[in-house]
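**Student:** Give the three-dimensional model of this entry:
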Amino acid sequence: MTQVRPTPAASASLWERDEELAAVEEALDTLCADHSSSGSLLVLRGEAGLGKTALLAETRRIAESRGCTVWSARGRETLSSVPFNVVRQLLQPALLSLMPEEAREYLGDWYDIAGPALGITDPGERQADPQGVCDGLVAAVRRLARRDWPLVLLIDDAHWADQETLRWLAAFSEHVGEQNVLVLVARRPGETSGDSARHLDTVAAAGSSVATLSALTPDATAGLTRATLGVHADAPFCREVWAVTGGNPYETVELLAKVQDSEFEPTESAAAELRALNREARGGGLVARLETLGIDATRFAWAAAILGTGISVDLVAELATMSPDEAVRCAELLRTARILTEPDPAGVQPDDGELQFVHPLIASAVYNSIPDALRTAMHGIAARVVTDNGHGAAVAARHLLEVHPDDDEELVEQLREAAREHLAVGAPDAARRCLERALLEPPLPAVHARVLHELGCATLLTAPARTIDHLQTALAMPGLHGDERVDAVCRLSQALLHNDQLEEAVRTVEAEAARHPAGPARLRLQAVQFMWEGIHAGESASPGRSTRLAELARTCTGRDNPERALLILRGFDAMARGENAEEVAELCDRALVNGRLAPGLGWTDPQWGIELPMMLASAYAYTDRLDRAEALYNEALRAYESAGWSGGHLSLAHAYVGLGLRRRGRLREAEASLRKSLALAERVGRRLPLHWSATCNLVDTLLARGHVQEAWEIAEQYGFAPPYPSTIVLPDPRSVRGRLLLAVGRTKDGINELEAAEKAADVRGHHNPVLVPWAVDLARVLASEDPARAARLATEVRRQAERLGTDTAIGEALRCAALLETGQRAVRLAEQAVAYLEASPCLYEHAAARVEYGIAARSSAELRRGITLARSCGADGLVLQAEAALALQ
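**Tutor:** Numbers count the residues shown, from 1 in each chain. The predicted structure follows:
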């Protein structure tokens, strides 16, 4: 391994850091070996002053000496509320060095998604999805790493990084081995909680090396003392330096600098002075030392601490209300006193300004020394100063958050604007903080409800319980009228749904609908009510509900979105109840505009949400209109990918694309899509409806493929078992789990599960035998032990299938009947099943019918046809069954 020794200037803070530097050099050896080498992540943990920053600086020096590209960033105590602050420092300089078209070429589709968060392009009209932005940032680093290999990323003081950066860093660290990049993260232990602590724990768990820095030993402190003051420093003096500083490298260096300034002889006789000198270098002693420089220098240092970043003499002068000449003089005084310094040219950032504090400990001490009332007042002035200098509301917001409430109407509007800017770039937590602070001001009565409404919208996906409180309070106040009030009620019902309070969600929209006269607003509320009732798995679906929905939809022509919504809901309800498929398709077609989703009802439109278009597509899917269903599912996938929505929405899109592929019989592709869905759902959280959708469809697809053991392992790993979710899942999870239990030989448990599916379907009035296929599997398993009941079930399935009227439903009913018969009757029924399923769009069911017909008719030709079909759709188990039957003929 090539050895690169620390320079003499750097070595003071690097005593006893040989192991850490060896790990850095080893990681650089791997990185620089070739373009295909794997990446690595090193984590440095240590209390303040133990040399983390010095190690990062030495890493930069070594890396650059080997021809590496080095980008760096650091967290700051007063900037942790600024979203994407640290990741912007890290990536923005490289991206701004490119022409806009070059940056777009490098980032591809991620440019419009991650670009606004990085400050290299304006946000679009849609509210950004935080998970999509995070994924975009991961992709940006991956692509830039290929361009700038070998690339080293240095992140200092990560414990002060903003939440959004830490989320990205945690996501990136989990795949760092797949990237050709070296990442070093330095942080203090502790000092974080909640999501920040969780993200940093994820980073540490992914690290190939996690080093905890310790204080210098007495011998090292003595060596450093003699290297600084001279070899004549005696042992008692050196021991006292160690005792006073505790071996903290930063404090040791500062103390020794004080000794040099004081011209003490480093002997035992002067050792007693060390404690007093050390007090001057930290905490209250530092503040006292600052005060000796004069009131103007103190005001300058305070103003610099308030700004935190982008510290320039001009900005500080404006904030501290002093003349430019006086500001220049104060800056020089503070540089001489080792309180401020110029940024290191090697790691300078665009927003670093002309000055920075020598150490974060000094910045914290100065900031905390400002009297409370003066500090809040200075933040208020700083907000105006940064705004006047061309920065937006989001930049000023961190200062406004610190200002005391004072009935300031303008401040409320600034914070509302900042919240909108934060939401536009994918930072809902930052938006929430702005709006919560705006409420403390408080807003004017005419505006108060609107602020609560905006806050409820900002927290809808992250904190539904909090959203409920905000929106209920807003609706109880004057200020929300017309469409704005209706929107707030609909958002409140969504929050109640996400918080597992579905009955309250229904009552909320029902009560609001009663307040409105007939018209679009009332129709929209009624549609939302029917939608929530329709997706609730536990609802006792009385005939009255479907009748009311049918009556309401009968007069709808699809002239506006509330009418289109009711037509979709009626179509989905009719499909689930097993009504005539032609009538279902006619209802759904009336909800479209020129064969497409109407504006305002699209996949990314916020007013109606994802539920309606999913219901529409699924109504088509389970009535043999697979072309239309697949077109809608794929449209959803494209819409979410292009918008950068890579959380729950994208997971559901992949799940339903997989469902369409499963219905089509393209089982390999279905499995791939569903595994993507499940991976995304895992990031969002288990036991949610989207997680159930991914798991249920994957188990169903694996069973169709004949991969029973894999299906069982997925079910066990991801909790595909009762209790089932409160919202419906397609296909019926009880039916799928019952089939799984039968496949693994747990016959009694399988029968119990299928009978539970029967009861649940009867309660809801769901009699579509393709959507809820419990009866087919139950009839098959009861054929030998209770043939009479099996026959009744098969007859009822046939009746329901003919009522629905699709080739798939009738063909499946005939397959079931054939398996209960023997002789020529079984052959005739199997032949009829083949005829229907050959006309249906469902290849797997057609293949299964061919194989069963071949077995019943003892036809080698039919078995071979079945094998060909089964292979084409990836039904491995069906292939083995057919080959075994063929071998016996």
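**Student:** Could you list which residues are in contact with Ser80?
**Tutor:** 160-163 (Cβ atoms under 8 Å, 6 or more residues apart in numbering). No exception for glycine: its C-beta is placed from N, CA and C like everyone else's.
**Student:** Kindly report the same for Ala818.
**Tutor:** Neighbours of Ala818 in contact, by Cβ under 8 Å, 6+ apart: 826-827, 829-830, 833, 852-853, 856.
**Student:** which non-adjacent residue is nearest it?
**Tutor:** Spatial nearest neighbour of Ala818, chain neighbours left out: Leu829 (3.7 Å); criterion: Cβ to Cβ, 6 or more residues apart in numbering.
**Student:** any idea how far the helix or strand containing the one you found is from the chain center?
**Tutor:** According to DSSP states H and E, Leu829 maps onto helix 823-839. Its chain's average C-alpha position is 49 Å from that of helix 823-839, according to Cα atoms, centre = their mean, to the nearest Å.
**Student:** tell me which residues of that helix are tucked away?
**Tutor:** Neighbour-count burial for helix 823-839 flags 826-827, 829-834, 836-837 (criterion: 16 or more other Cβ atoms under 10 Å).
**Student:** Neighbours of the residue nearest to Leu496 when sequence neighbours are not counted, how many?
**Tutor:** Counting by Cβ to Cβ, 6+ apart, Leu496 lies nearest to Ala505, which is 3.8 Å off, once chain neighbours are set aside. The tally of other residues near Ala505 (other Cβ atoms under 10 Å) stands at 26.
**Student:** Identify the residues contacting Ala505.
**Tutor:** 492-494, 496-497, 532.
**Student:** okay, among these, which ones form the most distant pair?
**Tutor:** Every pair in those was compared (Cβ to Cβ); the two farthest apart turn out to be Leu492 and Trp532, at 11.7 Å.
**Student:** related to what we said a few turns ago, so which of the buried residues of helix 823-839 is the closest to Leu661?
**Tutor:** Leu837 (17.4 Å).
**Student:** quick one: the helices in the stretch 651-800 of the chain?
**Tutor:** 667-684, 689-705, 708-718, 733-743, 747-764, 774-782, 787-804 (DSSP state H, counting those that start in this stretch).
**Student:** Quick one: those helices as TSV, columns for distance to Gly660 and mean pLDDT too.
**Tutor:** Shown next, in TSV, are the helices of the stretch 651-800 of the chain (distance: least, Cβ to Cβ, whole Å; pLDDT from 0 to 100):
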stretch	distance to Gly660	mean pLDDT
helix 667-684	8	94
helix 689-705	10	95
helix 708-718	20	97
helix 733-743	16	97
helix 747-764	23	95
helix 774-782	21	96
helix 787-804	19	97
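**Student:** is it possible to export those to TSV including mean neighbour count and distance to Arg522?
**Tutor:** Converted to TSV, these look like this (neighbours: other Cβ atoms under 10 Å; distance: least, Cβ to Cβ, whole Å):
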stretch	mean neighbour count	distance to Arg522
helix 667-684	21	34
helix 689-705	26	28
helix 708-718	16	42
helix 733-743	24	35
helix 747-764	18	26
helix 774-782	23	38
helix 787-804	18	33
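**Student:** Leu319 is nearest to which of those?
**Tutor:** Judged by Cβ to Cβ, the one of those that comes nearest to Leu319 is helix 667-684, at 42.3 Å.
**Student:** got any ranges where this structure has weak pLDDT?
**Tutor:** Within the chain, the segments meeting pLDDT under 70 span 1-13, 280-285, 345-353, 461, 537-543.
**Student:** Any idea which residue is closest to the centre of it?
**Tutor:** Among the residues of the chain, the one closest to the centroid is Gln131, at 3.0 Å (Cα atoms, centre = their mean).
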